[in-house]
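In: A structural model of the following input is requested.
(2 chains)
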Amino acid sequence: NAGVTQTPKFRILKIGQSMTLQCTQDMNHNYMYWYRQDPGMGLKLIYYSVGAGITDKGEVPNGYNVSRSTTEDFPLRLELAAPSQTSVYFCASSYDRAFFGQGTRLTVV
Amino acid sequence: KQEVTQIPAALSVPEGENLVLNCSFTDSAIYNLQWFRQDPGKGLTSLLLIQSSQREQTSGRLNASLDKSSGRSTLYIAASQPGDSATYLCAVSYSGAGSYQLTFGKGTKLSVIP
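Out: Have a look, this model is predicted:
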């Protein structure tokens, strides 16, 4: 049972480039989340989804997009990367208890 | 908007000591509350989940309590060990915009000194 799997673990992007952070869960959870974690700022919710085909903005959605075509997958898309998007990104899924991936450390230079 | 506060931000204790971590939240209409542990460079691991109808949950040396009316939760760690050193985060699940959102505190960084 893999839980929540995120890829890649590390990535360096140049300003203006785009990328997709992948997230897959095998627990058949309806709820999935993307957070970013910055030092001293805690975890901020970027987007969340309550089921396939349904997504909504969290606290800090600007510069990001998501899709949820299946229950298992919830990719996060960064368009036109900016230095302010340098962060650690976590994907999570939940029924009641939340399960987190190991994170993606992204640096935009 | 739900806000979650954790005090203290950092705590250092000698091995064997019992300790309490605090969490407060502004909106008492929560669905559940969870305590997580995060090791450096790692993801979050759920330690305990308390449903809104419950008062406490226990797992081994950990005990979490919930007082929904006052907007407070505590995580009690008995007989602390160096392996307990980590950042502990509190998160509340509440109904916002018709669905459940999970809001986190900034965490308490615990250091247990051998």
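In: B:N63 and B:I50 touch, don't they?
Out: No. Counting by CB atoms under 8 Å, B:N63 stays clear of B:I50, with 10.5 Å between them. From N, CA and C alone the C-beta is placed, and that goes for glycine too.
In: The two - which one has more neighbours?
Out: Comparing B:N63 with B:I50 by other CB atoms under 10 Å in any protein chain shown, the one with more neighbours is B:I50, at 20 against 16.
In: coming back round to it: overlap in contacts, B:N63 and B:I50.
Out: B:56-57 (CB atoms under 8 Å, 6 or more residues apart in numbering or on different chains).
In: List, one by one, the residues from chain B near chain A.
Out: Proximity of chain B to chain A (CB under 8 Å from any CB of the partner chain) is limited to residues B:32, B:34, B:36, B:41-46, B:49, B:51, B:89, B:91, B:93, B:97, B:99-107.
In: Let's see the pLDDT reported for B:S93.
Out: You'll see B:S93 listed with a pLDDT of 89.
In: And B:S99, by the same measure?
Out: B:S99 is assigned a predicted lDDT (pLDDT) of 63.
In: Strands along the chain, start to end?
Out: Since you didn't name a chain, this refers to chain A. Assigned by DSSP state E, chain A shows strands spanning A:4-7, A:10-13, A:19-25, A:31-38, A:42-51, A:54-57, A:64-66, A:76-78, A:87-94, A:98-100, A:104-108.
In: let's do chain B instead
Out: According to DSSP E, chain B carries its strands in the segments B:4-7, B:10-14, B:19-25, B:30-38, B:44-51, B:56-59, B:62-67, B:72-77, B:86-96, B:99-104, B:108-113.
In: quick one, the second one and strand B:86-96 angle?
Out: Orientation note: strand B:10-14 sits at an angle of 140 degrees relative to strand B:86-96 (axes from the mean of the first three to the mean of the last three CA atoms, to 10 degrees).
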